[in-house]
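the following comprises the amino acid sequence and a computationally predicted model.
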Amino acid sequence: MSAHGRSEALSPAARSPEGSSLTSRRRVAVTGIGMVTPAGNSAEATWAALLSGRSAAAPITHFDASGFPVRIAAEAKDFDVAAVIDDRKLLKYANRSHGFALAAAEEAFRDAGIRPDATTRTRWACAVGTGMMTFEYEALAAVHRDAVVDGALDALRLAASATAQDPMVFARTVTTAGLSVLLRRYGIGGSATAVHTACASGGQAVGTALKLIRRGVADFALAGGFDSMITPVGLGSFCLLSAVSPDNDAPERASRPFDKTRNGFVLGEGAGFLVLEEWNAA
């Protein structure tokens, strides 16, 4: 698949000239791709980094990780969602991972050369794989300061916490928040769903969008996933599981999943989105 081509998302059986019932299904094309990754803030930059073999793992800069056994991760670098999405009101509802999603979706629409309008918005679907972290660490820390006494949560102090009462904090933490900002940004009025199946979320979201077009529920779809777990809570959780590589002195070689010396994965963040279209429409 090239950025300017189209990729037929069908199994070999579905393309068979034999009399299989699969041949009657609507064909689907991938017409746009957008990415924000530790390797680059666009699909083009990410692809160039992959071709060059450059590692994106490095010491953590988002917070002071000196007290953790693992102090490296693959952070999205020099990312500023406001430089891509000029909508301050919308961005109030977005956390860091939602910003990745908005930027990647914007690139995917631009690459496809199409986006929802008044005549097509109800024929657009949106399926997103949501990340595991829905509560920002800063808000969690604020609630802890406000409502925890001697290691125990005080319900009355929690009820009086300014952070707990802030509707904007709540709006950013519900599991459908990322989906909501995408729908609002692009005016998608058709089927919408947020998938949460851990590491499989983004892939499952693309499969869900594919099925919606095949079944005739939609003619177009925005599909992908986003996440950001490089926080004290996210890193601490995986450290407790002994799941992340402790190669702090050589982060560039820490991610080596098929090597016999592998010792864990590298925590990352980012987003990837595709624009899918019914083949004839594309």
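Done, it's in. Source: prediction; values computed, not measured.

worst-scoring helix or strand of the chain, pLDDT-wise?
Scoring the helices and strands of the chain by mean pLDDT, DSSP states H and E places strand 7-8 at the bottom, with a mean of 48.

hey, C-alpha coordinates of the helix or strand following that strand in CSV?
Downstream of strand 7-8, the first helix or strand assigned by DSSP states H and E is strand 28-36. Extracted in CSV, the C-alpha atoms of strand 28-36 (Å, rounded to 0.1, in the frame of the first residue of the first chain):
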residue,chain,number,x,y,z
VAL,A,28,-12.9,-1.8,0.8
ALA,A,29,-10.0,0.5,0.0
VAL,A,30,-7.5,2.1,2.3
THR,A,31,-7.1,5.7,0.9
GLY,A,32,-5.4,7.6,3.8
ILE,A,33,-3.0,7.0,6.6
GLY,A,34,-1.8,9.2,9.4
MET,A,35,0.6,8.6,12.3
VAL,A,36,2.1,10.1,15.4
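
now tell me what touches strand 28-36 from outside.
When contacts are defined by Cβ atoms under 8 Å, 6 or more residues apart in numbering, strand 28-36 is touched by residues 1, 3, 6-10, 42-43, 46, 76, 79, 100, 103-114, 210, 213-214, 224, 270-279, 282. (Glycine included, C-beta is placed from N, CA and C.)

from those residues, which land in helices?
43, 46, 100, 103-112, 210, 213-214 (DSSP state H).

pull out the buried residues from the residues you listed.
Those of the ones in helices among the contacts of strand 28-36 that meet the buried threshold are 43, 46, 100, 103-109, 111-112, 210, 213-214, by 16 or more other Cβ atoms under 10 Å.

ok, these vs residue 235, which is closest?
residue 100 (17.9 Å; Cβ to Cβ).
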